[in-house]
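**Student:** give me a 3D structure for the following:
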Amino acid sequence: MTDKEEAKLAICEMCHSRCRVVVHTQNGQVLKIEADRSYPLVDEISPPTNGCIRLNGAKEWVNHPTRLNFPLKRAGEKGEGKWQKISWNQALDEIAERLKELKQKHGAESLAFTGGTGRTRDHFTARFMNQFGTPNLIGHSQVCFAVCTNLSGAMFGWPLRHRSSIRIERDSAGKPKTKCVLITGLVADQSTLRLWKTLRNAKNLGTKIIVIDPRRTATAEIADLWLQIRPGSNAALLLAMLNVIIREGLYDKEFVEKWCYGFEDLAKRVKEYPPEKMADVTWIPAEKIVEAARMFATNKPAIGAHGMGHEQHRDTASADQARFALSAITGNIDVEGGEYIPGPPRCIPETNLEGREYISMEQKQKQIGIDRFRVVSHLFFDELLRNSAKVWGKDKLWGLGRTNNAAHAPSVYRAMVTGKPYPVRAALSLAANPMITAANTKLVYKALKSLDLYIVSDFWLTPSAELADYVLPAANWLERPYFATFFGIDCQMVGGDQALPNIVAGKYERFHDYDFLRALGLRLGQDWPWKTLEETYDYQLVPTGMTFREFMDKGGFEFPPPEYKKYEKKGFATISGKIELRSNMLEKFGYDPLPEWKERHPIANPELAKAFPLYLITGGRFLPMFHSEQRQIDSVRKRRPDPIVQVNPKTAKELGIEDGDWIWIESPIGRIRQKCNYFDGIDPRVVHCEHGWWFPELPGEEPWLHGAFESNCEVLIDDDPDNCDPVSGAWPLKGMLCKIYKCKKY
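**Tutor:** Next up, the predicted model:
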């Protein structure tokens, strides 16, 4: 620390956007945080960071009085709220010994890892778990990003550019090169601020926007065409659009003939889904489905961008396949203004840091859920790596890391409780709060309580941490360096300095995730060749000829010019060497190789539908919160003090519910209460619950657990594996059944 004011570049992690910022500090205190105006394309792709309401809470967040500062050891029963302050050495020594004992008694697979969005670098976690020998890394992979990544990898040989890094470039006349954007299940104005600014700019310059969403969001309001879909019927709608495009001959015949495998099979399949038939399924008039299909096919080049609202259904895999097929048959793949295939990053991919060689095939095959849900599994991921190597080379293998392969979380929590298919007796949580973000909260609670050892590394005593045996204080984004290729698959490379110390003698000792995992791993006899986090970045940057320091001194970014139509030189890194509309990978793993639509919704059960007559959707992003974070930040909480459930006024009035009333939302497995908000932008048959709610101000000990059961929508979600998507294992966060009624007393 110094009396002199310093300015450091950093990567803000208050949400997914990962904006570059400049942090001004003095004597270890944050003075201000502002946008990094030197960042390339900042005016085109970055939000107005200086006014970002999430970022504005960062100063309060970093020095918050309730942040964890030193390791804690449970001093009473789980959930009793009694803690003993201990040293890092004691914590690491004791945890290592207990892990050794559990591994010897139950096997390496008895340890699970729960991860969330943001803080942790997935490949470091994967390195620790791979060397320990467990395949049971869990989180939200099946409902967040991994399914679309693996399926687009299987179809195209590399994932398409992620929605957060979409850039709509302009021609010499200033007009957008992208003529149409299809948005599915994505509230860009609340979740992906880079894309939101991009969309508004493009719209003003003539780009057509199609939005598929059950709610009239700000993103939907700027659309040329808004399709207010029945929750959970995404695959049906997209298959109907494919039907129209193929039936009317609007596809790119030359591209399809030369570069697409299985078109005839796809054409035969989509005949089963004419728009006239799918109108009843989707609640969208047939003429609107036809209009959307024609708009997308005739305004080229076009881009599809989907969010998590597209991937949290019982038809996730088919919806992804159909979405990608739309871009493929219209010839919008790896062309300027269309869907870009970035290819490997210019640095050493994260996969090379994972220590995958340490986990045996025998252990991979023990991954819980692999018997049913193999798309997000070690084995599927390994096959993608092999295919990728044929085109991209072995030294440039898949750059996405742990998020691509994961055990099936609902099945792992059941194994903790039942011991089937084998005992899971310990868990480690980094950047995760499963008591608030994992489906079926009552089951998760029972599972975490049953563990012999539960370790949490976090910033706060969350409801999950309150059930832990050890709670370890983590460094936040201002207290550690950062380097990544954007979402692991893009050529955009970003980095940030450590703006603040993570250890101040006598005040706090917050470890970087890397330092924690390495220190614990070394105690378990693991191989960690890089002594510091920055050394790993130096290693990754070897192909560029720069160290991390040099990278940051240079400005911390590289935007190499895109190379289009790479397939003309390389082909596609798939089994057939072409885009696989009929997926050989899916067929090889025992699934239908083509997308389909089947009615899997519980509405098909007449008795259940009568008792719970409304559709429930959850998880819509809302500012200023991000997932379950920032509830204790006063400046943020003042903007959103209470959890909100959106209800159509017609439905609410029929049930005697006034705007602003606290109401019960009840599903077949539980009930919670949130505050009613009249919203005519939602169908009268649908209600929308906010997610991520807990109340740090409530007591942490049981039975309160910071209000984990009060307003948390995960309490309502039935994640029974039999109710999940049969291919991906996605559990339904959208399109469940519920009923609502007024709270008599609150």
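**Student:** moving C-terminal of the strand or helix carrying residue 129, what's the next helix or strand?
**Tutor:** Using DSSP states H and E, residue 129 falls within helix 122-132. As assigned by DSSP H and E, the chain's next helix or strand after helix 122-132 is strand 137-138.
**Student:** quick one: mean pLDDT over that next one.
**Tutor:** For strand 137-138, the mean pLDDT works out to 92.
**Student:** equivalent analysis for stretch 642-651, please.
**Tutor:** Computed over stretch 642-651, the average pLDDT equals 97.
**Student:** just stretch 598-618 next, same as before
**Tutor:** 86.
**Student:** from here on, count from 8
**Tutor:** All right, first residue 8 from here; so that's stretch 605-625.
**Student:** run the chain-centre distance for that stretch.
**Tutor:** Remark: stretch 605-625 is offset 26 Å from the chain centroid, using CA atoms, centre = their mean, to the nearest Å.
**Student:** buried residues in it, which are they?
**Tutor:** 607, 608, 609, 610, 619, 621, 622, 623, 624, 625 (16 or more other CB atoms under 10 Å). The C-beta positions use only the backbone N, C-alpha and C, and glycine is treated the same way.
**Student:** then the helix holding residue 136 to PDB, C-alphas only?
**Tutor:** What follows is helix 129-139, C-alpha atoms only, in PDB (Å, rounded to 0.1, in the frame of the first residue of the first chain):
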ATOM      1  CA  ASP A 129     -12.800 -23.700 -14.000                       C
ATOM      2  CA  HIS A 130      -9.600 -25.400 -15.200                       C
ATOM      3  CA  PHE A 131      -8.000 -25.000 -11.800                       C
ATOM      4  CA  THR A 132     -10.900 -26.700 -10.100                       C
ATOM      5  CA  ALA A 133     -10.800 -29.400 -12.800                       C
ATOM      6  CA  ARG A 134      -7.000 -29.900 -12.200                       C
ATOM      7  CA  PHE A 135      -7.600 -30.400  -8.500                       C
ATOM      8  CA  MET A 136     -10.600 -32.800  -9.000                       C
ATOM      9  CA  ASN A 137      -8.900 -34.700 -11.800                       C
ATOM     10  CA  GLN A 138      -5.800 -35.300  -9.700                       C
ATOM     11  CA  PHE A 139      -7.900 -36.300  -6.800                       C
END
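**Student:** helices or strands next to it in the packing?
**Tutor:** When contacts are defined as 3 or more CB pairs under 8 Å, 6 or more residues apart in numbering; DSSP states H and E, helix 129-139 packs onto strand 118-122, strand 144-145, helix 520-530.
**Student:** try it again with 6 Å
**Tutor:** Applying 3 or more CB pairs under 6 Å, 6 or more residues apart in numbering; DSSP states H and E, one finds that helix 129-139 contacts helix 520-530.
**Student:** between helix 129-139 and the helix it packs on, find me the angle.
**Tutor:** Calculated by axes from the mean of the first three to the mean of the last three CA atoms, to 10 degrees, helix 520-530 forms an angle of 10 degrees with helix 129-139.
**Student:** what does the most centrally placed residue in the chain show for phi and psi?
**Tutor:** Centroid-nearest residue in the chain, with CA atoms, centre = their mean: residue 151, separated by 3.6 Å. Dihedral angles of residue 151 (phi, psi; degrees, to the nearest 10) stand at phi -150, psi 90.
**Student:** not counting residues beside it along the chain, what's closest to it?
**Tutor:** Distances taken as CB to CB, 6 or more residues apart in numbering place residue 315 nearest to residue 151, at 5.5 Å, with adjacent residues excluded.
**Student:** what's the burial count for that neighbour?
**Tutor:** 20 (other CB atoms under 10 Å).
**Student:** looking at this protein, which helix is longest?
**Tutor:** helix 95-113 (DSSP state H).
**Student:** how would you label residue 414: helix, strand or coil?
**Tutor:** coil (DSSP: H, G, I helix; E, B strand; the rest coil).
**Student:** now, the buried residues of stretch 605-625 that are in strands?
**Tutor:** 621, 622, 623, 624, 625 (DSSP state E).
**Student:** okay, those in JSON lines with distance to residue 657 next?
**Tutor:** As requested, those are arranged in JSON lines below (distance: CB to CB, whole Å):
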{"residue": "621", "distance to residue 657": "12"}
{"residue": "622", "distance to residue 657": "15"}
{"residue": "623", "distance to residue 657": "17"}
{"residue": "624", "distance to residue 657": "17"}
{"residue": "625", "distance to residue 657": "21"}
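**Student:** among the residues you listed, which two are most distant?
**Tutor:** The two members of those with the most space between them (CB to CB) are 621 and 625, at 12.7 Å.
**Student:** now the element after the helix or strand containing residue 303, going C-ward?
**Tutor:** Assigned by DSSP H and E, residue 303 belongs to helix 293-305. Scanning forward in sequence from helix 293-305 by DSSP H and E, the next helix or strand is strand 309-313.
**Student:** buried ones in the helix or strand that that following strand is followed by?
**Tutor:** Sequence order places helix 323-336 as the next helix or strand after strand 309-313, per DSSP H and E. Residues of helix 323-336 classed as buried: 323-336 (neighbour count, 16+ other CB under 10 Å).
**Student:** packing partners of helix 323-336?
**Tutor:** Against helix 323-336 (3+ CB pairs under 6 Å, 6+ apart) you get helix 153-163, helix 241-254, strand 309-313.
**Student:** got a list of contacts for it?
**Tutor:** 154-155, 158-159, 162, 241-242, 245-246, 249, 258, 263, 267, 311, 313, 317, 340, 346, 586, 588, 602-603, 732, 734-735, 737 (CB atoms under 6 Å, 6 or more residues apart in numbering).
**Student:** quick one, it and helix 293-305 angle?
**Tutor:** Using the same axes, to 10 degrees: helix 323-336 against helix 293-305 is 50 degrees.
**Student:** run the chain-centre distance for helix 323-336.
**Tutor:** Worked out by CA atoms, centre = their mean, helix 323-336 lies 19 Å from the chain centre.
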